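> Need coordinates for the below:
(2 chains)
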There are 2 protein chains.
Amino acid sequence: MSINLVTRGVKVDLSNSAGQTGADASWGSAPTIGILGGGQLARMLCLAGIPMGIKFRILERELDCPAADVCPDVRQGDWNDPDEVAKFGEGCDVVTMESEFVEASALHAASGHGITILPSPQCMAIVQDKFLQKSTLRDGGVAVPRFLDAPDEGAILRAGADLGWPLVLKTRKLGYDGKGNTTVHGPDDVRRAWEALGAGRIPLFCEEFVPFSRELAVMITTATSGTSVVYPLVETIQKDHICHEVLCPAKVEDRLSESAVKLARQAVKSVDGIGTFGVEMFETADGQILVNELAPRVHNSGHYTIEACETSQFENHIRAVLGLEPGSARLIDESAVMINILGETDGCGWPAGLSSALKSPVAHVHWYGKSRSRKGRKMGHITATGPDMEDCRSRARRLASLIYRD
Amino acid sequence: MSINLVTRGVKVDLSNSAGQTGADASWGSAPTIGILGGGQLARMLCLAGIPMGIKFRILERELDCPAADVCPDVRQGDWNDPDEVAKFGEGCDVVTMESEFVEASALHAASGHGITILPSPQCMAIVQDKFLQKSTLRDGGVAVPRFLDAPDEGAILRAGADLGWPLVLKTRKLGYDGKGNTTVHGPDDVRRAWEALGAGRIPLFCEEFVPFSRELAVMITTATSGTSVVYPLVETIQKDHICHEVLCPAKVEDRLSESAVKLARQAVKSVDGIGTFGVEMFETADGQILVNELAPRVHNSGHYTIEACETSQFENHIRAVLGLEPGSARLIDESAVMINILGETDGCGWPAGLSSALKSPVAHVHWYGKSRSRKGRKMGHITATGPDMEDCRSRARRLASLIYRD
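Numbers count the residues shown, from 1 in each chain, chains lettered A, B, ... in the order given. As a prediction, this is how the structure comes out:
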């Protein structure tokens, strides 16, 4: 398979997608957005679009999902089934998704039935295959860590010789939050890593190990007209490979911040991304910025935009996929801190300390309405905004610590 | 009927209502708020509460109502029927309302079945009868226009001699947006006015005609703990007796602003109001402030708080009726302008120019999702915030003018 050929082959024709929902968007009744997935991202998309009079429809495997609290039209089904996606999309002005894991082939098929899908199936095909995504970014001039294909154990050994040890072995698809990758510490570790990731049953690739000093992220929304708005650069702090805190704005030199914004624009442009995208980046010890990966959707590192920015990442995604112009991404207050609340044990979806956290208005508590808590499950988040970052952090942490105190 | 006795008789026992949903509010699962009414105010209450994980239930005559876009649990029924309200309230942690017209007797009856209702039925009984409301405010030391009971034509003639001509004849209940009142120009006009307002079939009262220079308003939220937060003083500009524009903050001297805030606190305290209340005021030609009337609910003159304040009037109402502390009512930006969008003709609920208004992100368009437009019907509103009031006004007006341009 020639990567370059594939990359060129799947370029989305922007003029086409813009033609359906773009500059002349004009509806005789309220437009309907279909969302594949009914989790917290779909829930927050609905909460951002309903005030503008937009209608929503959700496709999810379970009717009891976070989006069901806010959307009366939840349909049960599998968003990887092309027929179900096509049927679901009938009557929707546009179909979008809350997950990068929706099979691009299902999107392609639905698109063939005249359903408008944004980001486009072509874009999703590139982004959901991390090897293809990185190839496309690299070909688009975006600085990324070095990487190589890993079709067999021998390729991993050769990659180690080329990229140096340790290296990171990753699944091309479906990896997230630290799942689907393993660090290979040297030639003797190749067999273990190869078997840990399926021994060739799923496609893998190798990436150089980047000893980053910080992880940064930028949200960016691109309209069908081509206009894009870039949110402030944030620092993301992970705990066990899961986003734990987001600090906005990241405290970096102007030079780095400008470079990050430029990279983010280039990255999304190189995959012809429409809508809101998250761009995750590494700041290396020597002060360079590399793009780690793209999320072709609203993203956890942009939740702070609900309170902190003039237009949230959610409203801007809605705007973009409907062919409306994006609103300002300006930070209203001077700083914002977002903290994720992860489930601590299997249990009820309303932990004992949540009422106390809600009672105290020192920061905004968002709770996703999941019926059950599980260890590590994203149950909600807290955002504090204000003139002083450390004060925001301490207010948000105070509430976070209340929720699972019992 | 002795007004004073009645007023004293219906004092709500704050310690009781606080006991049910107050300081120690702690739920084992997501609390449910029942709302009587499913219009735009209920819709915006849901949009403010769902992010915090709160569940909602709506009682409305028609299932196809603005709140139905955002609340999957809309129940069809008459909120003036005590049995229906009691049945609706079963399983709700608290029942609140979007309208001051819910019959207090139905609330009393439901309350007798152990349903927690806030604002309390006693408070609603006072506020929904404007004669009783004004008597209570006056007895509480709040400056109000002079008024007198009008049980018959003779009483109106005597009121004219006492208060001076012209005077305003008003229905004690159910008046709004210029409906339910008429100006009586002199003794010869009494017969016409008397007959215009039902010739004694519904209770009436007379009020002195106040030649005000401006109309002002304040939103205030009072928690069951007694804590209250007061939003900035705004100027409201009416067109055909309907709120047309709201300018925040009102450009008044500090002395007037302080006096307005003090009056608003006193007014809500005198009716033992819990939740968010609107206090409508007159600024007289000689620089005094009189309270015109109370709205025992979230109010059109507080819609600007969604974008302009740290915590919206809607979130704070939710917080108050659940026994949570209210969040800050601080104005985030320097000024805000809200413009109501009223239906121009009978027709489709999505006017031709709405898509263009949504396309342009210079101000926030809120659309209530009503299926049909009618002349004068509140269809949506627009809010612009920013450092300069005139710039906000011009941006909001630009979008407003687009919506019904065709």
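
> Just list the residues touching A:Ile382, thanks.
Going by Cβ atoms under 8 Å, 6 or more residues apart in numbering or on different chains, A:Ile382 touches A:Met338, A:Ile339, A:Ile341, A:Ala357, A:Ala363, A:His364, A:Val365, A:His366, A:Ala396, A:Leu399, A:Ala400. All C-beta spots, glycine's among them, are computed from the backbone N, C-alpha and C.

> Highest neighbour count among these?
The residue in those with the most neighbours, by other Cβ atoms under 10 Å in any protein chain shown, is A:Met338 (31 neighbours).

> Now name the helix or strand holding it.
Using DSSP states H and E, A:Met338 sits in strand A:335-342.

> Please work out which residues outside that strand touch it.
With Cβ under 8 Å, 6+ apart as the criterion, strand A:335-342 contacts A:242-249, A:300-301, A:303-304, A:307-308, A:375-389, A:392-393, A:395-397, A:400, A:403-404.

> which among the contacts of A:Ile382 gets closest to A:Asp73?
A:His366 (22.4 Å; Cβ to Cβ).

> and the closest one, what element?
Here A:His366 is assigned to strand A:364-367, by DSSP H and E.

> Could you list the residues in contact with that strand?
Here strand A:364-367 has contacts from A:44, A:303, A:306-307, A:354, A:357-358, A:379-384, A:399, B:30, B:51-53, using Cβ under 8 Å, 6+ apart.

> In helices only, show me these.
A:Met44, A:Ile306, A:Glu307, A:Leu354, A:Ala357, A:Leu358, A:Leu399 (DSSP state H).

> Now do the contacts for the first one.
By that I understand A:Met44. A:Met44 touches A:Val298, A:His303, A:Ile306, A:Ser312, A:Phe314, A:His366, B:Pro51, counting by Cβ under 8 Å, 6+ apart.

> And for the second one?
Remark: with contacts taken as Cβ under 8 Å, 6+ apart, A:Ile306 is in contact with A:Met44, A:Ala48, A:Ser312, A:Phe314, A:His364, A:His366, A:Thr383, B:Pro51.

> Pull up the gap between it and B:Thr221, please.
21 Å (Cβ to Cβ, to the nearest Å).

> What about the residue of the stretch 51-200 of chain A found nearest chain B, how many residues nearby?
Residue nearest to chain B within the stretch 51-200 of chain A: A:Gly53 (2.9 Å; Cβ to the nearest Cβ). Neighbour count for A:Gly53, taken as other Cβ under 10 Å: 24.

> What pLDDT does the model give it?
A:Gly53 is assigned a pLDDT of 97 by the prediction.

> can you give me phi and psi for it?
The phi and psi values for A:Gly53, taken as degrees, to the nearest 10, are phi 90, psi 10.

> which ones are touching it?
With Cβ under 8 Å, 6+ apart, A:Gly53 has these contacts: A:Ala30, B:Trp350, B:Leu354, B:Leu358, B:Val365, B:His366, B:Trp367, B:Tyr368, B:Gly369, B:Gly380.

> Which of the helices and strands in chain A ranks last by mean pLDDT?
helix A:3-9 (a mean of 29; mean pLDDT, DSSP states H and E).

> Who are the contact partners of the residue in the stretch 201-350 of chain A that chain B sits nearest to?
The minimum distance from the stretch 201-350 of chain A to chain B, using Cβ to the nearest Cβ, falls at A:Gly327 (3.5 Å). A:Gly327 makes contact with A:Val229, A:Glu310, A:Thr311, A:Glu315, A:Asn316, A:Arg319, B:Pro361, according to Cβ under 8 Å, 6+ apart.

> next one: phi and psi at it?
phi -80, psi 170.

> same deal with A:Glu62?
Here is the backbone geometry of A:Glu62 (degrees, to the nearest 10): phi -110, psi 140.

> just checking, it touches A:Gln76?
Yes. Contact between A:Glu62 and A:Gln76 holds when scored by Cβ atoms under 8 Å: they sit 7.2 Å apart.

> partner residues bridging the closest residue to chain B within the stretch 301-406 of chain A?
Using Cβ to the nearest Cβ, A:Trp367 is the residue of the stretch 301-406 of chain A that sits closest to chain B, at 2.9 Å. The partner list for A:Trp367 in beta bridges (DSSP bridges) reads A:Gly380.

> how much space is there between it and B:Thr227?
Note on A:Trp367: its distance to B:Thr227, by Cβ to Cβ, is 22 Å.

> Give me the more crowded residue out of those two.
Set A:Trp367 next to B:Thr227 and count neighbours by other Cβ under 10 Å: A:Trp367 wins out with 26 against 12.
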